[in-house]
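1. task: produce atomic coordinates for the following.
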Amino acid sequence: MSYAEAYRESVEQPERFWLDAADAVDWDVAPTRALDADDAPMYRWFPGATLNTCFNALDRHVAAGRGEQAALIYDSAMLGTTRTYSYAELLDEVSRFAGALAAQGVTAGDRVIVYMPMIPEAAIAMLACARIGAIHSVVFGGFAAAELAARIDDAEPKALITASGGLEPGRTIEYLPIVERALGLTANAPGTVIVKDREQIPGSASDVAGWLDWDAAAAAAEPAGCVSVAATDPLYILYTSGTTGKPKGVVRDNGGHAVALAWSMRNLYDIGPGQVMWTASDVGWVVGHSYIVYGPLLVGATTVLYEGKPVGTPDAGAFWRVIGDHGVRALFTAPTAIRAIRKVDPDAKEIAQYDISSLETLFAAGERLDPDTYEWATAKLGIPVIDHWWQTETGWAICANLRGLEPMPIKAGSPTVPVPGYHVEILDGEGAPVQAGTEGNIVIELPMPPGTLAGLWRDEDRYVKSYLATFPGYYLTGDSGYIDADGYVYVLGRSDDVINVAGHRLSTGSMEAVVAGHAAVAECAVIGIKDELKGQRPSGYVVLKAGADIDPEQLRVELVAMVRDQIGAVATFRDVTVVQALPKTRSGKILRKTMRQIADHDEYTVPSTIEDPAVLDALARLLGGRDT
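-> From the prediction side, this is the model:
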C-alpha cells in the first residue's frame, strides 16, 4: 500500500493495521485483538497474547535453516579486530549465558542491570535476559557510581552484569571500582555480580569475593530455553534524565516492541534477511536497543556492533572502512558524528580509500539534522540522507521518510512525515490546533502505536504528569515545531529552547540552521540568555571546520547578517563565540540547557550523560563561570 493508505488505516483502523503487522512475529499464543483501552490512558498492546522476544530474534531463524548466516559483526577499532557470530553461534552464546543467569536464581520478571562497554557480551546479556523473561536495564558503561546506584535503587535488580572496563581513544575506563562504589551507595545491591574479563584492562571477578567470572559461569551452565511471557510484560527498563534529578525508567513491553520494530525494519529502513545494518550508537541508548540488538535480529538481518569513534580511531575514514569491510547497506548515526567527520575531513577525501558502494541509505537521528550537514553528506555520499525523529520514550521513529514503504521527496530540515501509527498534531499553549506552517507544541494523539513506552517503572503518576497531563488526550513530546502544507513535520527543538525576545517567540533551532550554513562553521549551538531589557537574547557558539581561516569578528559580522537576512532583525542576534568544542551527551546531543545555565550564572549540575567534562570546564571559564 502507499504511505497515505498505510497512514490512514493505522489511524482509522488500528486494530486491523497492527494485527496484520503482528503476523511478522512468531507467537506462542497469537493475539486476537490489538489494543486494550480499558485502562486508558495506560494503553496495552496485544492483550492475551504470549511470545518470547529472544526466540523471535534468534531461534526461529536457525530453525528456518539460516543458522550459518551472519547475525552480529563485532568490529573494534580500539583493538583492531573483528569477529562475526552466525545466528547459530549467537544462539548458543545467548542460551548458555541465559542458563548462567538462571543458575543464579534469575527468573521471569526479575531485573538485571547491564553495565557494559560496546562488546558482544552486552548484546548477549540483553538477549539472555529476554530469553528467560527477565527485565534488563542497560546503563551506559562508564556512568558515575552515583548514577549507577540511582538506577539500582529504582530497579532493585537481582543481578548486575559488567566487564572489567571500556576502551576510549588514548585511555581505558575501569568499571569494577565504579561498580564497587555504586553497590556501596545503594540499599538494593543485587545478590549476583557477573564480570566479563577484558585482558586489556586491569581487574577481574576475582577482585571481589562472591563475584562471578562470565566465561566460567557460562561454561558451567546448562543452556536455557525460551520462557513464554505476556505481550504486555516488560522487556526492558531504560532510564532517561528527569527534571527532578531522579531518573525516569521508561518501560518497553515485549509484544508491541517486537511488532513495531519488525514493521519499521522493513518499511522504514528497507532492511530484511541477510542484509547488513550498522547503527553507530551504543547499547546504553535507545537507538542501540532498537537497532543494534533487537530490530535487525527480529527480521533476520546482520547487525554491526562497533567499538570506536567516527574520528580518531584512527582517522576520519573509520566509518567508511566499516561500511566497506562489512558490506553495510544502511548506516544509522547521529548528526553530530557526521559533523565530526566533516570538521576533520571537510572535503571527504578519506572516502576514496574505501569501497562503500554497498551503502544505499544514511539515516540520522538523535538531534536535528541541519540543512548544511544534510547537503554535505548528500553531496559527498551520493545517496539519500534521511533525517528521522524519535525519542527514548517512543522507541522508534515518530516521523520519517519510509524508504521501504514509499520513499518521498526529501526536504532539508524536516524528518518528513508522521510514521503510520503516530497521529501527530501541533497545538498552541492553550491546547488548540494551529494552522499549517504555524509553530507550536508537537503532540501525539493517544493511543500511541505499539513499541512506545508502556509507562514509567513503578511510577504511573509521574508518567501521567510528565507526558499526558499538559494536553489531555495527547502525549507531550516536549518539542516545538510545525507542519507545512504538504504534511511535512519540522522539529525546531525542545519547547524550552523557544526564547522570548522582547515579546517575540523565536526558535533557537531556526537560528542554528542559519549559523550552520556558514562555510566556516562545523557545528553550532544557539541558546537564549537573560537580558535585562529584552528578557532574553540569542547567543551563538560555533566550532570551526578544520583549516577554516577567518577572523572571529569577521565571522560574527557575517553570521549576524545571515540571521538578520533569513530570520529578521527581531532576532537581535549579535553574540557569537568561537569554541574548540561543544559540550555533549554521549549520544551526541548538545547540552544547551547547561550552557544556558552557565551563561546566566545559574546553579547547574553536570549531567551524568556528558561525553567530555573538560569541554564544559573550558566553556565555563570562557563565560566567566566556574569549573565543573
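2. ok, for Phe7, nearest residue in space, not its chain neighbours?
-> Careful, residue 7 is Tyr; it's not Phe. Nearest residue to Tyr7 in three dimensions, chain neighbours excluded: Pro420, at 4.8 Å (C-beta to C-beta, 6 or more residues apart in numbering). Bear in mind the C-beta positions are built from the backbone N, C-alpha and C, glycine included.
3. surely that neighbour touches Trp18?
-> No. Pro420 is not in contact with Trp18 according to C-beta atoms under 8 Å; the separation is 9.5 Å.
4. list residues touching both of those two?
-> Common contacts of Pro420 and Trp18 (C-beta atoms under 8 Å, 6 or more residues apart in numbering): Ser10, Pro449.
5. any idea how many residues pack against the residue nearest to Tyr7?
-> Per other C-beta atoms under 10 Å, the neighbour tally for Pro420 reads 27.
6. my guess is Pro407 is in a helix, correct?
-> No. According to DSSP: H, G, I helix; E, B strand; the rest coil, Pro407 belongs to no helix; its state is coil.
7. for the closest residue in space to it that isn't next to it in sequence, what are its contacts?
-> Excluding the flanking residues, the one nearest Pro407 by C-beta to C-beta, 6+ apart is Asn401, at 6.5 Å. By C-beta under 8 Å, 6+ apart, Asn401 lies in contact with Pro384, Ile386, Asp387, His388, Pro407, Met408, Ile410, Pro415, Thr416, Val417.
8. where exactly do the helices run in the stretch 501-628 of the chain?
-> Ranges of helices in the stretch 501-628 of the chain, per DSSP state H, counting those that start in this stretch, are 508-515, 552-566, 592-599, 613-622.
9. the second one to helix 508-515, inter-axis angle?
-> When you say that, I think you mean helix 552-566. On the basis of axes from the mean of the first three to the mean of the last three C-alpha atoms, to 10 degrees, helix 552-566 is oriented at 120 degrees to helix 508-515.
10. report the rounded mean pLDDT for helix 552-566.
-> The average pLDDT for helix 552-566 rounds to 90.
11. only the buried residues of that helix, if you could.
-> Leu555, Arg556, Glu558, Leu559, Val560, Met562, Val563, Arg564 (16 or more other C-beta atoms under 10 Å).
12. pull the most distant pair out of those residues.
-> Leu555 and Arg564 (14.8 Å; C-beta to C-beta).
13. so Thr572 is in contact with Met511, correct?
-> No. Applying C-beta under 8 Å as the test, Thr572 and Met511 come out as separate, 10.7 Å apart.
14. find residues that contact each of those two.
-> Joint contacts of Thr572 and Met511 (C-beta under 8 Å, 6+ apart) are Pro538.
15. between those two, which has more neighbouring residues?
-> Set Thr572 next to Met511 and count neighbours by other C-beta under 10 Å: Met511 wins out with 28 against 20.
16. which ones are touching that one?
-> Val526, Pro538, Gly540, Val563, Ile567, Ala571, Phe573.
17. could you work out the most separated pair of those residues?
-> Maximum pairwise distance among the contacts of Met511 (C-beta to C-beta): 12.2 Å, between Gly540 and Ile567.
18. these two: which is more packed in?
-> Neighbour totals were compared for Gly540 and Ile567, and Gly540 leads with 25 against 17 (other C-beta under 10 Å).
19. got the contact list for the more buried one?
-> Met511, Glu512, Val515, Cys524, Ala525, Val526, Leu559, Phe573, Asp575, Val576, Thr577.
20. hmm, which helix or strand of the chain has the shakiest average pLDDT?
-> Ranked by mean pLDDT, DSSP states H and E, the weakest helix or strand in the chain is strand 504-507, scoring a mean of 64.
21. need phi/psi at the residue nearest to the spatial centre of the chain.
-> Geometric centre of the chain, nearest residue: Val287, 3.4 Å, by C-alpha atoms, centre = their mean. Note on Val287: its backbone torsions stand at phi -60, psi -40 [degrees, to the nearest 10].
22. one more: Gly274?
-> Gly274 has phi and psi values of phi 80, psi -10 when expressed as degrees, to the nearest 10.
23. please name the nearest non-neighbouring residue to it.
-> Gln69 (5.9 Å).
24. please apply the same query to Thr53.
-> Ala130 (4.4 Å).
25. OK, contacts around that neighbour?
-> So Ala130 contacts Asn52, Thr53, Cys54, Ala57, His136, Leu235, Asn254 (C-beta under 8 Å, 6+ apart).
26. please identify the buried residues of stretch 467-482?
-> Buried residues in stretch 467-482, defined by neighbour count with 16+ other C-beta under 10 Å: 467-468, 470-471, 474-482.
27. hmm, who's touching it?
-> So stretch 467-482 is contacted by 41, 391, 393, 398, 425-427, 431, 434, 436-446, 448, 466, 489-495, 497-498, 507 (C-beta under 8 Å, 6+ apart).
28. one step back: and the residue nearest to the centre of the chain, how far from Trp396?
-> 10 Å (C-beta to C-beta, to the nearest Å).
29. hang on, the earlier thing: distance to Ala77 for the helices of the stretch 501-628 of the chain - can I get that in JSON lines?
-> Output for those, formatted as JSON lines (distance: least, C-beta to C-beta, whole Å):
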{"stretch": "helix 508-515", "distance to Ala77": "30"}
{"stretch": "helix 552-566", "distance to Ala77": "34"}
{"stretch": "helix 592-599", "distance to Ala77": "29"}
{"stretch": "helix 613-622", "distance to Ala77": "22"}
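30. re earlier: out of the contacts of stretch 467-482, name the ones that lie in strands.
-> 425-427, 440-445, 489-494, 498, 507 (DSSP state E).
31. narrow those residues to those that are buried.
-> For the ones in strands among the contacts of stretch 467-482, a burial check counting by 16+ other C-beta under 10 Å picks out 425-427, 440-444, 489-494, 498, 507.
32. report the mean per-residue pLDDT for the helix or strand harbouring Arg60.
-> Counting by DSSP states H and E, the element that carries Arg60 is helix 60-61. The average pLDDT within helix 60-61 is 98.
33. contacts for it, please.
-> Asp26, Gly67, Gln69, Ala71, Tyr87, Pro273, Leu297, Gly300.
34. can you say which of those are buried?
-> Gly67, Gln69, Ala71, Tyr87, Leu297, Gly300.
35. out of these, which is nearest to Ala187?
-> So of those, ranked by how close each gets to Ala187 (C-beta to C-beta), first place is Leu297, at 36.2 Å.
36. tell me the pLDDT at that closest one?
-> Per-residue pLDDT puts Leu297 at 98.
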